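Q: No sequence on hand, only this structure:
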């Protein structure tokens, strides 16, 4: 087929078995413009819906008070303006393609005075409705609590209500639906080379300049050297002492807001106490932000200020912390978690704020990309978070969302990653691992540093070193330390570091690191060593805050076990050894992270996840450390990889819509992820890895885009779950694809189908 360059007018192709070219063209001619239509006004729809049709999700009589999102009729105040802006940008694309150099220098034009007035009026109307709904709730439930009000993306209010309160607000004609808010949790240098971001920096100098990325997470430590801060622990401590006060945005972290406060916890302390300062007191958001757009940290702890275009693979490995994928993009921190480990019900107001970061009613400064390394497994399709994700994408913001860390369980990808317009990310493995070390002091022929991972909950930075002989329990049934030690073993463990066997199969493992830590501490032990049979750690170990725990790599386990058996092993555990080993193993490249969640085919639209990126043992900025790194694994780490790469695409094509950027990232992900890595073994299918391993350089250079027709932002196609034919044994299902050529010349393609996996049913 030959595709002529098109701008706002797109060519659609229908692909199905047995469809002829003439039939395909006929099918394409019947496709309507897949772009979103203009938004409606704020007036409620005519006629009241039955109350029982308004109650969504896990809302049932007799439940204790719970957090709900009450959606009002109509659209958010920002939607009409931003959808109009998006349509205008599409109309300009054809003209801009005539130029050798793209003259367009931004993604948004200033909002006119008329638009601002209309936006303010819409916001005031929504705020008035919110006050009235709040009053209705208070009359029915005297203990009701308001959590937030949203005006930009979706009009509504977050409330904590009992069943009477839920019924009362649902009965109002201006209320469209009431949905349960399901608490979300954080989904926990070599990558820049594997995904070819480095090649794009070298080739074009594109580093995400002018692109704005929102990080909805635990906040950002803007004092860290990776974000151009002072890079000292003292600077962080001073910021922490004033963490509820106004702060001065920087050249890197250009804005943000704390929507919850330090003490917030959706389970224990669910009422938020917002303040203007998004300083991270937990660490997850800082790590995520560094992967997306950190500047990089030199070996001496200073911020990298060199030319990204002249970086090489060797120089990347020499840095203490490598740059993020878009190291010159601007970051915005929206903090939705407190300082503890609890979940959050405040994702919704954070997403609403993405459309108007400074809250002034001018939506032209909306962000370009929002990173959501958060989620809830098996989330419902009617989760209100997902609606916000859909609205943001329709209004010009690309949502990049973690697929989750629950492994090979069908359909576990939850909300908001199950939203059609979300760019949902699976996790793969790259060749580089920044690992912690343990120092072997005896026997002499084994002396030196051995790689592994230190437990997360222990304060390694401030705790004294622990040096001791290593012993092992003698009770055959308790070699793993999951039970209390016998008097004999307790005497052996006291005052020593203990080696406890570890089952790498989570389903058969008797207990985790926390239980073992408690038992060793009760016996007076001073530390724990855990062996493993794996090349790559599938996740971190928590342990306890009172006992240093260290898990050895497979190689280290094999070398040290003979000395353990001989009774000659002595080691030192020290915080100075965190991040001390840089390990490069090319055979790891192209594997799937064992924890990465499996999706399922959509009943309509595309499948999830959409694409894969490195998320296993990723080194990034450690909050509160000044200039140090820490290693985390999860789709949380893969997601900002894609957010940063999307920023490179958007810098190259500033007028592209979120759907076009998503298509470029997915269409160009041509490298397969296999069971043995490095192209060996069986190839994983789309429900594990989406379109495959991301390729930043190919995504930026993409000129032809293919995505699902219909304007829902799926990009991928799925035939969904089909009923078994009962009569003639034949069922014909049609899905259509839009193929758009953005280049300055014709392109010729031949369509074919290549199955990644073979599956019955």
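A: Received it, and whenever you're ready, just let me know what you need. Quantities reported herein were computed from a predicted structural model and do not represent experimental measurements. Numbering: from 1, shown residues only.

Q: Quick check: which ranges of the stretch 501-650 of the chain have low pLDDT?
A: Scanning the stretch 501-650 of the chain for pLDDT under 70 picks out 584-587, 601-606.

Q: Quick check: longest strand in the protein by residues?
A: The longest strand of the chain (DSSP state E) is strand 432-442.

Q: Provide the strand pairings for that strand, with the direction of each partner.
A: Applying DSSP bridges, strand 432-442 is found paired with strand 448-454 (antiparallel), strand 570-573 (antiparallel), strand 581-584 (antiparallel).

Q: and the longest one, how far out from the chain's middle?
A: In this case it means strand 448-454. Relative to the centre of its chain, strand 448-454 is centred 28 Å away, using C-alpha atoms, centre = their mean, to the nearest Å.

Q: neighbouring contacts of that strand?
A: Strand 448-454 is contacted by residues 433, 435-440, 460, 537, 540-541, 548-553, 555-556, 559-560, 573, 577-578, 580-581, 583, 631 when judged by C-beta atoms under 8 Å, 6 or more residues apart in numbering. Every C-beta, even on glycine, is put in place using the N, C-alpha and C of the backbone.

Q: again, only using 7 Å
A: Contact partners of strand 448-454, identified using C-beta atoms under 7 Å, 6 or more residues apart in numbering, comprise 435-440, 460, 537, 540-541, 550-553, 556, 560, 577-578, 580-581, 583, 631.

Q: and the following helix or strand past that strand, which residues are buried?
A: Next along the chain after strand 448-454, taking DSSP states H and E as the criterion, comes strand 466-471. Buried residues in strand 466-471, defined by neighbour count with 16 or more other C-beta atoms under 10 Å: 466, 468, 470, 471.

Q: for strand 466-471, packing partners?
A: If you count contacts as 3 or more C-beta pairs under 7 Å, 6 or more residues apart in numbering; DSSP states H and E, strand 466-471 packs onto strand 497-499, strand 527-530, strand 570-573.

Q: Now tabulate those strands in JSON lines and tack on distance to residue 218 and mean neighbour count.
A: Rendered in JSON lines, the data for those read as follows (distance: least, C-beta to C-beta, whole Å; neighbours: other C-beta atoms under 10 Å):
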{"stretch": "strand 497-499", "distance to residue 218": "32", "mean neighbour count": "26"}
{"stretch": "strand 527-530", "distance to residue 218": "27", "mean neighbour count": "26"}
{"stretch": "strand 570-573", "distance to residue 218": "27", "mean neighbour count": "22"}
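
Q: What's the first helix or strand after the longest helix anywhere in the chain?
A: If you go by DSSP state H, the chain has its longest helix at helix 113-140. Remark: after helix 113-140, the chain's next helix or strand is strand 145-150, criterion DSSP H and E.

Q: Can you tell me the strand partners of that following strand and which way each runs?
A: The strands beside strand 145-150 in its sheet (DSSP bridges) come out as strand 156-161 (antiparallel).

Q: Just give the nearest non-adjacent residue to the residue nearest the centre of the chain, would you?
A: Closest to where the C-alpha atoms of the chain average out (C-alpha atoms, centre = their mean) is residue 373, at 2.6 Å. Leaving out its chain neighbours, the residue that sits closest to residue 373 by C-beta to C-beta, 6 or more residues apart in numbering is residue 636, at 3.6 Å.

Q: For the residue in the chain sticking out farthest from the centre, list the residues it contacts.
A: What lies farthest from the middle of the chain is residue 488; by C-alpha atoms, centre = their mean that is 47.8 Å. With contact set as C-beta under 7 Å, 6+ apart, residue 488 has these partners: residue 474.
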